[in-house]
Structure formats: C-alpha cells, structure tokens
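[1] sequence? don't have it. structure:
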C-alpha cells in the first residue's frame, strides 16, 4: 500500500519497515491504514529533509523511531485517534452493524438453544380426563360393558344396488340417509331395512340395556398418554346403532306400534345423555346429535301418524323428565386438559413451572394453526418437501413468538374459565352483553394468532359448540311444545292461539324460551296447521323463513333465516301433510 507512495519509496529501510509494522498492528480498515502510512511517511520525509547522506538519513530515522517508541503501542494510539476522528454518522452506522451482528449471533444461539430443548412429561392428563368422567358410583352402574357387547354384535347395514347403476352397490344406511319416512323407501330399501333390523336383534337388546344404566364412563388410553392421541372407536358404531333404532322406531310407528316407537326414541335420548358432560368435545357433539335425531324422529312420527291423547300426554311427560335431568351446557374441562397436555409436551420444564417453547414439538400442530391463518396451501400434500420446510419455519416462528410456559399456562387457565362461564349463558344473553365467545379471535392479527397458537387452535370451535348446544335445547323444547299443541287440538278442536294459552290451560309446565331471543319460541296458527320456530343465529325474526342449499334442502343450523321446527319438510323441500288434519 504505502510502497506505492512516492514519499514512502524514498524513506530509509528501517523507517519503511517501522511504518509497515505500525499499520499492520493497527488491524483496522485498509483505507485508514493507508492514510496513517502516508502521514508517517510524510513526517519522516520532513524530518529527513536536511540530511545529506544516507548515513545521516539512517541515523535520523533511527532517532525518530526511538521517539515514536514501540510500534504496537503506536498502532493502538493511532487506531484510537482515527476512531475518535470519525464522523458521527459513521460511528452510528458502525454501532448499528455491531449491534445487529450481536443480535444475529444471539438469535442463532437462542434458536439452537430452544431447538435442543426436551419436554418433561410430569402429568398424565389422559388419566385426569378419565377421572373427571368417572362418577362416584359402583362399576355395576356403568353402561360401558353393555355398549361393548352391542358393538361386538353389531352387523353393518346390508348393501343394495344403487338406483340407475347396474353394477354399483352402496350401504343401505347411506342410501336412506336423507329420507324421513317409510313410504319414501323403495321396495329394495324396505326389504334391506327389515333385514338390517333382524340381523341386529341381539346388538339392539344390549344397546337398550346399556341406555338404562345411570352412568357411562370409558377408560381412555392413548399412545404415550398424549391427549391429542386419544381415540374414540366406539362412537361410529354407536351412531350406526342409533340410526338403526331410529328407522326401527319409524317402522314400528308406521305399522301402528307408536308407543314402542316412542320408547325406542327415549332410549336413544338416554344414550345421548351418556356422552355429555365433562368429556371430549367430539363425544359431547355425538351426544347432542343422537338426541337431535331422536327429537326430530318424534316430530316426524307426530306428523305422519295420528297419536291418541293419552299416549301424547305420557310421551310429553317422559320427554319433560328427560330434558329436566339433562344438560345442554357444553363442558370444556376435557378441552382444557388437552391444552395443558399440549403445553407440557411443547415446552421445556425448569421444575418451577416455567420453560421455553420447543420448535420440533410444535410441528405436529402447525397445520391447524395455518388453517386459522388461512395459509393451509399444502395441507393435503403430506410428503411434499416444501410442506416440511414450511412447517419447520412455522414451528420456529411460533416458538420465538410464544410467551414462556408459565405465561401460556396462565392464559389458558383464565381463557377456559371465562369460556366455561359464558357457556352457561344463552347466545341472546351473550349478545346483550356484547360478548364474543371466541374472544375476538377472528380479528386477531397474524402475530397474535401465532403468539397464542394454542388458543388459535381450540377457541374457534367454542362459539359453534355453544350455538349447537342451545340450538339442540330449543329443538328438544320444541318437541314438548308440539306434543302439547296437538293434545290441545285433540281436546279443544283447534290449535291454541299462543304458547301462553297452552301454559295457562295446563298443557305446558313452562313456556319454551328461544335462546336466540328475549322471548319464547315463535308460534303462530296458520290456515290448517301451525308454525313453530326459533329466530336462530342471526337473532332476527324472518317470519319463519328457513334457509335452503342449492339442492333445495333445508340447512339444519343456518347463520341466517329461522330454525323451523314445525311444519316438517320432505327431502325435496315440500311440506309434509299433517296426518291429524
């Protein structure tokens, strides 16, 4: 560098070597070192200007080197001087770069640190879930063994040839899924239904015995005792047995044995009660759907068959007793245990309740989180390397954004406590308080969804579960109301003017309230029938107007329109004629 400088070239060898040594030991930027070399060379040249001979120049140079002293010390002093003389912007830029470099190093080290973390499984939450579903009762009162016998003896519905398809066969249960009454079945379907019922005589008997038990608790198990891995293998067969009994009840009612048909519906309703309470959300949903199916079938029988007044009264009393002893409030205890189990498996544990998120453990939950963010582009391509790479990045991002274990546990505890409190209030009551059961999650930023990833996965279903629970309750109370209305018609000769009249005349113990309104279910007389409905989830009375899909089928739980319980409609959307008219 300085050898290219004219002044530097004419210096004695000792001076040139000294300057090179000083600039070398500065360990600073090349341009600054060149400036220092030029300055030293110029200083030497000025001092040697009066020296005439090489010997004098050499001696003078040695004297100057002695005055400058140790080259290492001089290099340090020169470097400090140059740093002090830098412009302010340069100092700021260098400090920012240094800070960024330190931050990057820290970030990399921290990512490595959390990636090497190991979960410590201290609590068996599967066992805790088993305990909360286990009542203080004798094992002889448990219906599980009888349910298992029913499941073991159950025979799948027979296959029948699909209409218009010569070589294609489908399950009977699938073929008749949208049909409501015996007269809608084809000859082949009717014969297959009777065969299905006959094949399951023993299974149904065990099923009925199980329904009479006051309790039902299952000993859940899962791989590595992970709550997320708990399976519910019995639910599918239980639902199929209920569908079988529902069609058996319709067949009995069609053949005139209406009382036995209603008794079978009561059995199905009790089965639904066995799957409610402090259980997993999927179990509670199955329990609600079973009861809803029993309620709807009761309405179908009332629409299709003429039922005498005494049987109507006994049926109403039994439904009232069942509903009184039932609960329609969703229980979130099991879901909370699921969240706590996810925490202990995705966070380190310092033994004092704190710890950091572990990216690789979060990876299995990335897809549900992406769904909440609308980023599920590769969800169905499980072997896609891009998916795996993206999951790894998301896992790391979630781990970095998440609060520590103690804070996360506190948030989960508080949130589920609030959600459970809100589950005890009707949708209308929550609306009046301007409460969003999802805690505003639909408006959360992407960062907040990522930060509170556990709630992002579990909370969106809470609002829907509460809506379903209260919708099913309204459905059950509608059945009681319809029974009372038909009784009144048989006794008085006309439909009542209002539900209040039914209560005043003793046909109803209480007026059924609409969970989506501040009043009762909406009832009105029509020309030769009546209409009974809830204003449903839009909290708006649409005058009994239901919502239908593109095929004309009525939507069961529409976001708009009313939830119409009576009159009933055929699968093609036409009103079923009332048999009692």
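    Looks like it came in fine. Computed from a prediction, not measured in an experiment: that's the story for all the values here.

[2] can you give me the strands in this structure?
    Counting by DSSP state E, one finds strands in the chain at the ranges 159-161, 169-171, 522-525, 530-534, 563-566.

[3] and those strands, which is most packed in?
    Across those, averaging neighbours per residue (mean count of other CB atoms under 10 Å) puts strand 563-566 on top, at a mean of 24. Just so you know, the C-beta spots here come from the backbone N, C-alpha and C atoms, and that holds for glycine as well.

[4] just checking: what are the partner strands of that strand?
    Sheet neighbours of strand 563-566, with direction, are listed as strand 530-534 (antiparallel) (DSSP bridges).

[5] contacts made by the partner strand with the rest, please.
    Under the criterion CB atoms under 8 Å, 6 or more residues apart in numbering, residues 471, 474, 478, 481-482, 485, 495, 514-517, 521-524, 544, 546, 562-567 lie in contact with strand 530-534.

[6] repeat that for 6 Å
    Surrounding strand 530-534, the residues in contact under the criterion CB atoms under 6 Å, 6 or more residues apart in numbering are 474, 478, 495, 514, 516, 521-524, 544, 562-566.

[7] could you tell me how far that strand lies from the centre of the chain?
    Distance, stretch centre to chain centre, for strand 530-534: 33 Å (CA atoms, centre = their mean, to the nearest Å).

[8] so for it, mean pLDDT?
    When pLDDT is averaged along strand 530-534, the result is 93.

[9] pLDDT below threshold where in the stretch 301-450 of the chain?
    For the stretch 301-450 of the chain, applying pLDDT under 70 flags the ranges 366-387, 437-439, 441-442.

[10] which stretches of it form helices?
    Secondary structure of the stretch 301-450 of the chain (DSSP state H, counting those that start in this stretch): helices at 309-324, 333-346, 359-362, 366-373, 385-401, 405-423, 427-432, 446-451.

[11] among the ones you listed, which comes closest to residue 283?
    When these are compared by CB to CB, helix 333-346 sits nearest residue 283, at 8.2 Å.

[12] other SSEs contacting the closest one?
    For helix 333-346, the contact count by 3 or more CB pairs under 6 Å, 6 or more residues apart in numbering; DSSP states H and E identifies helix 125-133, helix 359-362, helix 405-423, helix 453-458 as packing neighbours.

[13] looking at these, which is buried most?
    For the helices and strands packed on helix 333-346, the stretch with the most neighbours on average is helix 453-458, a mean of 23; neighbours defined as mean count of other CB under 10 Å.

[14] can you check which helix is longest in the chain?
    For the chain, the longest helix by residue count, based on DSSP state H, is helix 460-492.

[15] and the angle from that helix to helix 405-423?
    For the pair helix 460-492 and helix 405-423, the angle between their directions (axes from the mean of the first three to the mean of the last three CA atoms, to 10 degrees) equals 10 degrees.

[16] quick check: angle from helix 460-492 to helix 333-346?
    Using the same axes, to 10 degrees, the inter-axis angle of helix 460-492 relative to helix 333-346 is 170 degrees.

[17] and helix 460-492, what does it pack onto?
    helix 281-304, helix 309-324.

[18] how about those helices in a markdown table, adding distance to residue 50?
    As requested, the helices and strands packed on helix 460-492 are arranged in a markdown table below (distance: least, CB to CB, whole Å):
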| stretch | distance to residue 50 |
| --- | --- |
| helix 281-304 | 98 |
| helix 309-324 | 118 |
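
[19] of all the ones you listed, which lies closest to residue 410?
    When these are compared for distance to residue 410 using CB to CB, the nearest one is helix 281-304, at 22.7 Å.

[20] before we move on, back to that, of all the helices and strands packed on helix 333-346, which one is nearest residue 329?
    The minimum distance between residue 329 and the helices and strands packed on helix 333-346 falls on helix 405-423, with 5.3 Å, by CB to CB.

[21] so what's residue 159 bridging to?
    Here residue 159 sits in beta bridges with residue 171, as judged by DSSP bridges.

[22] shouldn't it be in contact with residue 169?
    Yes - in this structure residue 159 lies within contact range of residue 169 using CB atoms under 6 Å: 4.2 Å.

[23] tally of neighbours for residue 444?
    For residue 444, the neighbour count with other CB atoms under 10 Å is 19.

[24] to clarify, my last question referred to residue 174.
    Residue 174 has 12 neighbours, counted by other CB under 10 Å.

[25] what about residue 64, distance to residue 74?
    Computed as CB to CB, to the nearest Å, the residue 64 to residue 74 distance reads 12 Å.

[26] one more: residue 355?
    Here the criterion is CB to CB. By it, residue 355 lies 53 Å from residue 74.

[27] so between these two, which is more surrounded?
    When residue 355 and residue 74 are compared for neighbours, residue 355 comes out ahead with 23 against 19, by other CB under 10 Å.

[28] distance of the more buried one from residue 449?
    The span separating residue 355 from residue 449 equals 22 Å under the rule CB to CB.

[29] give the contact list for residue 20.
    Applying CB under 6 Å, 6+ apart, we find residue 20 in contact with no residue.

[30] just residue 358 next, same as before
    117, 346.

[31] make it 8 Å
    Residue 358 sits next to 114-115, 117-119, 346-348, 399 when contact means CB under 8 Å, 6+ apart.

[32] ok, and the closest non-adjacent residue to residue 137?
    Counting by CB to CB, 6 or more residues apart in numbering, the nearest residue to residue 137 once its immediate chain neighbours are dropped is residue 215, at 5.3 Å.

[33] next one: residue 287
    residue 275 (3.3 Å).

[34] which residues touch the one you found?
    Taking CB under 8 Å, 6+ apart, we find residue 275 in contact with 216, 235, 238, 283-284, 286-287, 290.

[35] the closest residue in space to residue 248 that isn't next to it in sequence: how many residues sit nearby?
    Spatial nearest neighbour of residue 248, chain neighbours left out: residue 197 (5.1 Å); criterion: CB to CB, 6+ apart. Look at residue 197: counted by other CB under 10 Å, it has 17 neighbours.
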